[in-house]
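**Q** fold the following for me, if possible:
(4 chains)
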4 protein chains.
Amino acid sequence: MIIVMQSKATDAQVEAVQHRIRDLGLKPHLSRGEFRTIIGAIGDESLMRAELFAALDGVESVMPIMRPYKLASRDFHAEDTVLDVGGLKIGGPTITVVAGPCSIESEAQFRETALAVRKAGAAMLRGGAFKPRTSPYSFQGLGEEGLKILQAVGREVALATVTEVMDVRELEAVSRYADVIQVGARNMQNFRLLTEVGHLRKPVFLKRSPAATIEEFLMSAEYILSEGNRQVILCERGIRGFDNSTRYTLDLSAVPNIQKVSHLPIFVDPSHATGRRELVVPMALAAVAAGAQGVMVEVHPHPDKAMSDGPQQLTPDAFALMMRELAPIAQAVGRQLQKPK
Amino acid sequence: MIIVMQSKATDAQVEAVQHRIRDLGLKPHLSRGEFRTIIGAIGDESLMRAELFAALDGVESVMPIMRPYKLASRDFHAEDTVLDVGGLKIGGPTITVVAGPCSIESEAQFRETALAVRKAGAAMLRGGAFKPRTSPYSFQGLGEEGLKILQAVGREVALATVTEVMDVRELEAVSRYADVIQVGARNMQNFRLLTEVGHLRKPVFLKRSPAATIEEFLMSAEYILSEGNRQVILCERGIRGFDNSTRYTLDLSAVPNIQKVSHLPIFVDPSHATGRRELVVPMALAAVAAGAQGVMVEVHPHPDKAMSDGPQQLTPDAFALMMRELAPIAQAVGRQLQKPK
Amino acid sequence: MIIVMQSKATDAQVEAVQHRIRDLGLKPHLSRGEFRTIIGAIGDESLMRAELFAALDGVESVMPIMRPYKLASRDFHAEDTVLDVGGLKIGGPTITVVAGPCSIESEAQFRETALAVRKAGAAMLRGGAFKPRTSPYSFQGLGEEGLKILQAVGREVALATVTEVMDVRELEAVSRYADVIQVGARNMQNFRLLTEVGHLRKPVFLKRSPAATIEEFLMSAEYILSEGNRQVILCERGIRGFDNSTRYTLDLSAVPNIQKVSHLPIFVDPSHATGRRELVVPMALAAVAAGAQGVMVEVHPHPDKAMSDGPQQLTPDAFALMMRELAPIAQAVGRQLQKPK
Amino acid sequence: MIIVMQSKATDAQVEAVQHRIRDLGLKPHLSRGEFRTIIGAIGDESLMRAELFAALDGVESVMPIMRPYKLASRDFHAEDTVLDVGGLKIGGPTITVVAGPCSIESEAQFRETALAVRKAGAAMLRGGAFKPRTSPYSFQGLGEEGLKILQAVGREVALATVTEVMDVRELEAVSRYADVIQVGARNMQNFRLLTEVGHLRKPVFLKRSPAATIEEFLMSAEYILSEGNRQVILCERGIRGFDNSTRYTLDLSAVPNIQKVSHLPIFVDPSHATGRRELVVPMALAAVAAGAQGVMVEVHPHPDKAMSDGPQQLTPDAFALMMRELAPIAQAVGRQLQKPK
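**A** Predicted coordinates:
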């Protein structure tokens, strides 16, 4: 950690910083320059908190040297993590396409979608049973009834399933019915929920909050990892931007950016990021070209009648076309689309 | 709701939109211009969802006319809401200052702070027992032990108390010990938690998420209101910005902006917004000048030893000075600081 | 244009709005709903300005129906614009790669780079002579001397050249030496400069300002087009985001988003967007997969000795590798890399 | 400057960094920690550029210690700068209110406004003659005719005048007619224009670009200062945010934030920041409470007929009321409104 003192810092203030470093069992390194005095605290940075120094008198700024996450970092785990989801390999050389409707609306609607996306080559099936909705007056999902449909149809079409959990009290049910547990963007810093999914031994699909820096995103993964659950899949799904012609701004450079510092697989969800059907396919192709290990897209047999997120859901035909376009992109980057298990 | 058709929309597509409007029991109004056809759907907009139209073929954009919140809106409740918190009037002509440490670290630390802020004129006492922390390795709060200290010291100094709830499972305990329940910025769209605090008959202090538009913020209030709990206090605490010299960007124009459309009291928290002690006081003064009905600031007897957020906590002396500066600002806008009950 | 009246708007206020619409030679359409009165003004929206209505008493909001740009819009020019730059076709089915150093530092450095990028397959050559630098103390470019090198080396290696103009007074010189005139991100709303390049009959490479919405970006193109110069190439180069691990946030969905509404070719510059060499190649691949008609990347023979932007410049070897990776992506989307003329 | 090496950096890479530091005539300080090696380069940081190190192999990150601006910094000029504009003291203990219409539309309109704002207590008069407009089809200002009106009316009402320059070619005329030269937000990084106004011996009113960090804002001031013109007034006028219910997000904490690091006076323009008349007054009050040395507001005798920015302009009556509300706020912070010279 590097502590930069204010230009007018007194000797006593400089000494107080060094004292605190020694208190932590570390050794201070003092460098007096013409305009600033700088103090380095070299050692296990996890023992220190920047705040402990930033609040001291005479300190101008504190710069951590180490990243604050460990288990999520390549420093501690150099190789890519590859998860096994019922035989599917997530995070390895193949690219996993997850598809399905925003919400499970009925068994018929979900089965129709599941059959279509399986036929088109999706490797995993998504469908919301508990829906986080901005408005209390919007459709909130079928709840446990939806979970049952998810499981039944998933087995029927032999696709692994992923669905969102919104509440610690629903976690037991969700983890009973689904193969992968999604923590949604709005709950990325619901730390209690992160802790609880950390106790599971099931893969967690963690979506980035629209306000989260990449470091904050990885810190949320760290919550899960530090509880013992090492099966975390990250998903970029758009951050807050200033142009409202799309719902969010897809931060695609997050893919290689995260891959530099973390070993966890990273997916991209172009449906929620853009909110516009006609932008989903180009962004799915771009995600794979950028090196994403998977994409999640929303598909609905009748988007214009969908109970949520209609404008961003692909029809089964559009999805099948996307899969045909995705395959050569995957090949161009030396990979291939994962077959369903 | 106004539906704008694409320039190349066919008659059949225009008819399909009108058909759907009629299906909802409403009447379409068609206006054909030189370049665009526009269809108005006048009526109870709560029956419609923009998505229902946006997903139809040939539709370019859909513009809602009404705001999506009702109970939070001045359209439905013209007068300012004034809450009663054990005799304190929140949201009326007086200005409420809430102060206390970021975290309750010990009974001694909390009592020292409480006595100091009471003496300086704070009307309400804050202190975190359950702490949402970005890192799993940071101090997470004293938990229920902290709640007990909160209640005991609050009674001792005769100040109403506010503390954060992070988990539906802790809500019962939090609401037993505290006078006002805080829902933090990271949980602003934890809809299950909103629903549960909506079932309480206690005031809720709802902080804006750093990624939330004002409309989304009010929709989260609507979740609480629609469950029957009409005691909601809003709090602006900084949004995501691009300049990292402050933690967040304090969106102070949110104060009059919200007051135009909503009757709920709106507070400002300059401590979390700026993350820097030296900016807290100017922003507290500005908040009152802008019309905020209250401010929440963090105070710690020894910020440089604080277990969380040290750099943004005021010393008791700095807080007392702030209170002396705040009083004439309040007077300048025709108001006064609320005395403790 | 749709004018939404406040819920408490008086009849006189409603009448005043209608009166103003009639004054403009248009016909108002009145729709009275339960909660709001809405007035449509159908006709040539270029005669109206939203401000004319927004400033009237009783008006809640004004929603334009038409986009404010015309010449840049597909409504007025349905087919993709294809420019001819000395035999190169820009905006058609081929993908144009523009490469070269951030700054022209010397004839030797520029020639070495030019030969390398030509050999690797770049179709156009970039190099800065007038450099917009955040700091007055940074290298500001070689000026006209740089322009001469640009032209001489461009002819030598038979590549069309592009360079930035910063000042209306330098425009004559820049347009004499270069084939394509770049207007940089910081000058995207330097309206005088836009007007002047609009008088040229040379292609203009217009970069998006990091704060510009897509509509504002296209309005800046409209400035050029409306002066008679129809040769405009757009370039997305990153917008302001909140994560400072990259310089800017590359808004890649701007590519298909712009292509929906405009006929102008759209390029992507991953070098400036990310500011980090290791992210440039993945983002270049993603840009082509997303449908960009070209990419611009910075290449320097010795990035660690570059006088500007060293960390984001590729070595010639890295660039050659990128070109080999780009070709199959282009093919995967049914296109191919443009050969130099 | 602190250079952090990657965890896998080789000895040769560490040596190369130290070598380069020595090349610059500085001394490297090496600290080898368990996980990272850190190299400090202590000395005159203006000799170094972070890029020179960031582009070296094995470097993970480079952290400057010193701020990149000098003349704008309190390190080099500890006391507040106080400018003299024809007898007005700008930046001292008084608060300067600048008012006038967005655009000068006619002599009659400008005189009516000028008389009204003078009567209400404004100390300086604004009015646009050259207008930067997003659309080429919007009113572009009266040009030199407007400048003449500005000067004539300014003299008539005995108020110092400020108006915007958009083009280096117009600078001579603007500086002939106006007392203070405004560089608008869109030209904050028009470096040629900054250099030219740096050659003047007239005060420059520099507005912050909506995409500029505070450091970038001060670097633009540095351009002017480094050319010899020490009369710079800064103005915060809103940054890009994600909530489109206001035009921009007023970053009011920029006021004390800038005052910590710079000696230059800082004003606030709530008219452009919010774009909504009803938010202008609360934000003007907040600006003064936050410590701003001045505010600039737009006033028009008939906002609903204004040729630009009608919705954000105050009527003369509303402005007079604002002035009456502003006076006690100024007093509350120990200051007073500046009387016209």
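**Q** can you pull out the low-pLDDT segments for the stretch 151-300 of chain A?
**A** The stretch 151-300 of chain A contains no residues with pLDDT under 70.
**Q** thought residue A:95 was touching residue A:294?
**A** Yes - using C-beta atoms under 8 Å, residue A:95 is in contact with residue A:294, at 5.9 Å. For the C-beta atoms, the positions are set from N, CA and C on the backbone; glycine is no exception.
**Q** from one end of stretch A:96-110 to the other, what's the distance?
**A** 20 Å (C-alpha to C-alpha, to the nearest Å).
**Q** my bad, should have said stretch A:264-274
**A** 24 Å.
**Q** same check on stretch A:178-191?
**A** 21 Å.
**Q** any part of that stretch near chain D?
**A** No - Stretch A:178-191 lies out of reach of chain D by C-beta under 8 Å from any C-beta of the partner chain, never closer than 14.7 Å.
**Q** show the residue spans covered by the strands in the stretch 201-341 of chain A.
**A** A:204-207, A:232-236, A:266-268, A:294-298, A:336-337 (DSSP state E, counting those that start in this stretch).
**Q** quick one: is the helix or strand residue A:53 falls within near chain C?
**A** Here residue A:53 sits within helix A:50-54, counting by DSSP states H and E. No - contact of helix A:50-54 with chain C is not found when judged by C-beta under 8 Å from any C-beta; the minimum separation is 15.7 Å.
**Q** just give the closest residue to the residue of the stretch 1-150 of chain A found nearest chain B, not the sequence neighbours.
**A** Residue of the stretch 1-150 of chain A nearest chain B, by C-beta to the nearest C-beta: residue A:55 (3.3 Å). Leaving aside its chain neighbours, residue A:55 sits nearest to residue B:310 (3.3 Å; criterion: C-beta to C-beta, 6 or more residues apart in numbering or on different chains).
**Q** surely that neighbour touches residue B:303?
**A** Yes - between residue B:310 and residue B:303 there is a contact under C-beta under 8 Å: 4.7 Å.
**Q** any common contacting residues for these two?
**A** Both residue B:310 and residue B:303 are contacted by residue A:55, under the criterion C-beta atoms under 8 Å, 6 or more residues apart in numbering or on different chains.
**Q** give the contact list for the nearest residue to residue A:75 once chain neighbours are set aside.
**A** Of all residues not flanking residue A:75 in the chain, residue D:7 sits nearest, at 5.4 Å (C-beta to C-beta, 6+ apart). Taking C-beta under 8 Å, 6+ apart, we find residue D:7 in contact with A:75, D:35, D:36, D:60.
**Q** output these in a markdown table, with neighbour count appended to each entry.
**A** Shown next, in a markdown table, are those (neighbours: other C-beta atoms under 10 Å in any protein chain shown):
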| residue | neighbour count |
| --- | --- |
| A:75 | 18 |
| D:35 | 14 |
| D:36 | 19 |
| D:60 | 19 |
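**Q** of all those, which comes closest to residue C:16?
**A** residue D:60 (63.2 Å; C-beta to C-beta).
**Q** wait, the closest one touches residue D:6, no?
**A** Yes - Residue D:60 is in contact with residue D:6 according to C-beta under 8 Å; the separation is 4.5 Å.
**Q** ok so, going back, contacts for the helix holding residue A:53?
**A** A:1, A:3, A:17, A:20, A:24, A:41, A:59, A:61-64, B:304, B:306, B:308-311.
**Q** likewise for stretch A:242-251?
**A** Residues contacting stretch A:242-251 (C-beta under 8 Å, 6+ apart): A:210, A:236-241, A:268, A:270, A:272-276, A:279, A:283, A:312, C:211, C:213-215, C:239-241, C:243, C:249-253, C:257, D:240-242, D:244.
**Q** what residues of that stretch count as buried?
**A** Judged by neighbour count (16 or more other C-beta atoms under 10 Å in any protein chain shown), stretch A:242-251 contains these buried residues: A:242, A:243, A:245, A:246, A:247, A:248, A:249, A:250, A:251.
**Q** and what of stretch A:15-28?
**A** So, applying 16+ other C-beta under 10 Å, buried residues of stretch A:15-28: A:16, A:17, A:18, A:20, A:21, A:24, A:26, A:28.
**Q** one step back: which two of the buried residues of stretch A:242-251 have the greatest separation?
**A** Farthest-apart pair in the buried residues of stretch A:242-251 is A:245 and A:251; separation 16.3 Å (C-beta to C-beta).
**Q** check contacts around the nearest residue in space to residue A:266 that is not next to it in sequence.
**A** Leaving aside its sequence neighbours, residue A:266 sits nearest to residue A:234 (C-beta to C-beta, 6+ apart; 4.5 Å). Counting by C-beta under 8 Å, 6+ apart, residue A:234 makes contact with A:206, A:208, A:217, A:221, A:258, A:262, A:264, A:265, A:266, A:267.
**Q** in helices only, show me these.
**A** Among these, the members found in helices (DSSP state H) are A:217, A:221, A:258.
**Q** can you pick the most crowded of these?
**A** The residue in these with the most neighbours, by other C-beta atoms under 10 Å in any protein chain shown, is residue A:217 (27 neighbours).
**Q** elements contacting the longest helix along chain A?
**A** Identified as the longest helix of chain A according to DSSP H is helix A:316-332. In terms of contacts (3 or more C-beta pairs under 8 Å, 6 or more residues apart in numbering or on different chains; DSSP states H and E), helix A:316-332 is packed against strand A:94-100, helix A:107-120, helix A:277-289, strand A:294-298, strand A:336-337, helix C:316-332.
**Q** before we move on, back to that, next step: the contacts of helix A:50-54 restricted to helices.
**A** Per DSSP H, the contacts of helix A:50-54 map to helices at A:17, A:20.
**Q** and the nearest residue to residue A:196 once chain neighbours are set aside, its phi and psi?
**A** Nearest non-adjacent residue to residue A:196, counting by C-beta to C-beta, 6+ apart: residue A:168, 5.0 Å away. Phi and psi for residue A:168, reported as degrees, to the nearest 10, are phi -60, psi -30.
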